[in-house]
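Asker: I would like to see how this sequence folds:
(one chain, ligands or ions: 2)
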Amino acid sequence: MLSLFSYPENKLPFEAFKQKAFIPPGMYAVKQETLMEENIRKTGTAPSADSHRAGFVNIVGNPNVGKSTLMNDLVGERLSIITSKAQTTRHRIMGIVNTPEYQIVYSDTPGVLKPRYKLQDAMLEFSEGALTDADILLYVTDTVEKADKNSEFLDRVAAEKVPVFLVINKIDLLKDNAELESMIDGWKKRLPKARIFPISALEHFNVENLRGAIVDALPVSPPFFGKDALTDKPARFFVTEIIREKILLEYLKEIPYSAEVIVEKFDEKESSIHIMAVIYVERDSQKGILIGKGGAKIKKVGTAARLDIEKFFGKKVFLELFVKVEKDWRNRENKLKAFGYME
Ligand SMILES: Nc1nc2c(ncn2[C@@H]2O[C@H](COP(=O)(O)OP(=O)(O)OP(=O)(O)O)[C@@H](O)[C@H]2O)c(=O)[nH]1
Ligand SMILES: [Mg+2]
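Answerer: Ligands and ions are numbered 1, 2, ... in the order given. Here you go, the predicted structure:
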């Protein structure tokens, strides 16, 4: 098996990488249970309280660079939704990794952008909040964006007191090492104190190395959550996110950005879950587009969402979807509060 090593100590094994001599795309290499089992096997017993380590590892960066893809890979579960559209993530979502020795609380955050409406103000607040309470900060960029994008936010990252790991994602899109090296040189100037990790989150390349560095940098601390916790969000949240993902995938332009999903009923039985959800849009015209001719579009969204929700919960799911109009909700504070974006 190919050994993964970090820049700058070694050159990246690009040839092997290109030949896919590593874990295949789409597979999360480490499942939580495996991690647990491995650690118990290695240590035999649980660690003592004064050597337990725990910390918040906050993942920030511009839209669409792969923050959610990376968090899912690090956690080993599909907690955050991922699409090719910018501004997919709207909340701060925690993904927790537990072993007997440590607890890592990852936070995925919305991509940083200049707010044009109140919803985006709230999204930016989630990202900025993640700068204030990190034990380790992962600033994610990709091989497409330039180092001067969003420089105000980057200045704040550069001024961080905690360790900053600069993650250059999507290196699978690069031609060769020379291209990568010049990119790294540029970033070294921009964030001189940061450790640099070129990775491909999608192809799970060099992610283990990043994980190891995170574990090494964790402070000694008792756990922040129960040792069986996976996330800070309730089950309903993941239902709304999965439906929103299907909307992002199915519709063009403003529709996905004008849509919010609220779960009104979540009735869980031993072997099935009955869910009723409402999709809110901002205008009547959007409602028509969302539903589609004879309800064809919404049916497609419902089926795709149901299949994923069944996978997520491991149970049969009955999903009812309704579409309602909530005029201009993205700019109304009371609606943003009701939808969980503001306190
Ligand atoms: N080629 C390539 N694409 C990737 C990689 N990681 C993520 N992507 C793709 O980049 C797109 C955005 O990924 P996300 O994980 O949703 O990005 P994000 O930073 O969370 O985006 P926002 O939530 O909108 O801020 C998706 O189409 C991913 O499949 C990678 O390593 N290589
Ligand atoms: Mg995201």
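Asker: any idea how this protein splits into domains?
Answerer: For the chain, automatic domain parsing gives the domain ranges 14-217, 235-338.
Asker: mind checking which of these is nearest ligand 1?
Answerer: domain 14-217 (2.7 Å; Cβ to the nearest ligand atom). C-beta coordinates here come from the backbone N, C-alpha and C atoms, glycine included.
Asker: tell me how far that closest one is from the chain's mean position?
Answerer: In terms of Cα atoms, centre = their mean, to the nearest Å, the centre of domain 14-217 is set 9 Å apart from its chain centre.
Asker: Could you tell me the least trusted of the domains of the chain?
Answerer: Lowest mean pLDDT of these: domain 14-217, a mean of 85.
Asker: need the domains of the chain in TSV with distance to Phe224 and mean neighbour count, can you?
Answerer: As requested, the domains of the chain are arranged in TSV below (distance: least, Cβ to Cβ, whole Å; neighbours: other Cβ atoms under 10 Å):
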stretch	distance to Phe224	mean neighbour count
domain 14-217	6	18
domain 235-338	19	17
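Asker: could these go into TSV alongside distance to ligand 2?
Answerer: TSV is the format used below for these (distance: least, Cβ to the ion, whole Å):
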stretch	distance to ligand 2
domain 14-217	3
domain 235-338	10
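Asker: can you put those in JSON lines and add distance to ligand 1?
Answerer: Below are these laid out as JSON lines (distance: least, Cβ to the nearest ligand atom, whole Å):
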{"stretch": "domain 14-217", "distance to ligand 1": "3"}
{"stretch": "domain 235-338", "distance to ligand 1": "9"}
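Asker: list the contacts for Phe153?
Answerer: The neighbours of Phe153, taking Cβ atoms under 8 Å, 6 or more residues apart in numbering as the test, are 60, 112, 127.
Asker: quick one: the residue sitting nearest the centre point of the chain from Thr88, how far?
Answerer: Centroid-nearest residue in the chain, with Cα atoms, centre = their mean: Ser68, separated by 2.3 Å. Distance, Ser68 to Thr88, by Cβ to Cβ, to the nearest Å: 7 Å.
Asker: any shared contact partners between those two?
Answerer: 81-82.
Asker: can you give me phi and psi for Glu320?
Answerer: phi -110, psi 130 (degrees, to the nearest 10).
Asker: before we move on, what about Val140?
Answerer: phi -100, psi 130.
Asker: In space, what's closest to it - neighbours in sequence excluded?
Answerer: Of all residues not flanking Val140 in the chain, Gly61 sits nearest, at 3.7 Å (Cβ to Cβ, 6 or more residues apart in numbering).
Asker: Which secondary structure element is home to the residue nearest to the centre of the chain?
Answerer: Using DSSP states H and E, Ser68 sits within helix 67-75.
Asker: What lies in contact with that helix?
Answerer: By Cβ under 8 Å, 6+ apart, the surrounding residues in contact with helix 67-75 are 28-29, 32, 59-61, 78-82, 88-89, 93, 95-97, 104, 106-109, 111, 138, 140, 167, 169, 199, 201-202, 204, 207, 210-211, 214, 230.
Asker: go on, stretch 259-267?
Answerer: Around stretch 259-267, the neighbours that count as contacts under Cβ under 8 Å, 6+ apart are 235-236, 239-241, 243-244, 247, 251, 273-281, 286, 290, 326, 329, 339.
Asker: now the end-to-end length of stretch 74-87.
Answerer: One end of stretch 74-87 to the other measures 21 Å (Cα to Cα, to the nearest Å).
Asker: no no, stretch 191-206
Answerer: Its first and final residues considered, stretch 191-206 spans 20 Å by Cα to Cα.
Asker: do the same with stretch 326-343
Answerer: Terminal-residue distance, stretch 326-343 (Cα to Cα): 20 Å.
Asker: For that stretch, which outside residues touch it?
Answerer: With contact meaning Cβ under 8 Å, 6+ apart, stretch 326-343 is reached by 90-91, 117-120, 122-123, 257-258, 260, 262, 280-283.
Asker: Show me the helices in the stretch 201-343 of the chain, by range?
Answerer: Assigned by DSSP state H, counting those that start in this stretch, the stretch 201-343 of the chain shows helices spanning 207-217, 235-250, 254-258, 284-291, 296-313, 333-338.
Asker: Ok, which of the ones you listed comes nearest Leu319?
Answerer: Smallest distance to Leu319 across the helices of the stretch 201-343 of the chain (Cβ to Cβ): 4.4 Å, for helix 296-313.
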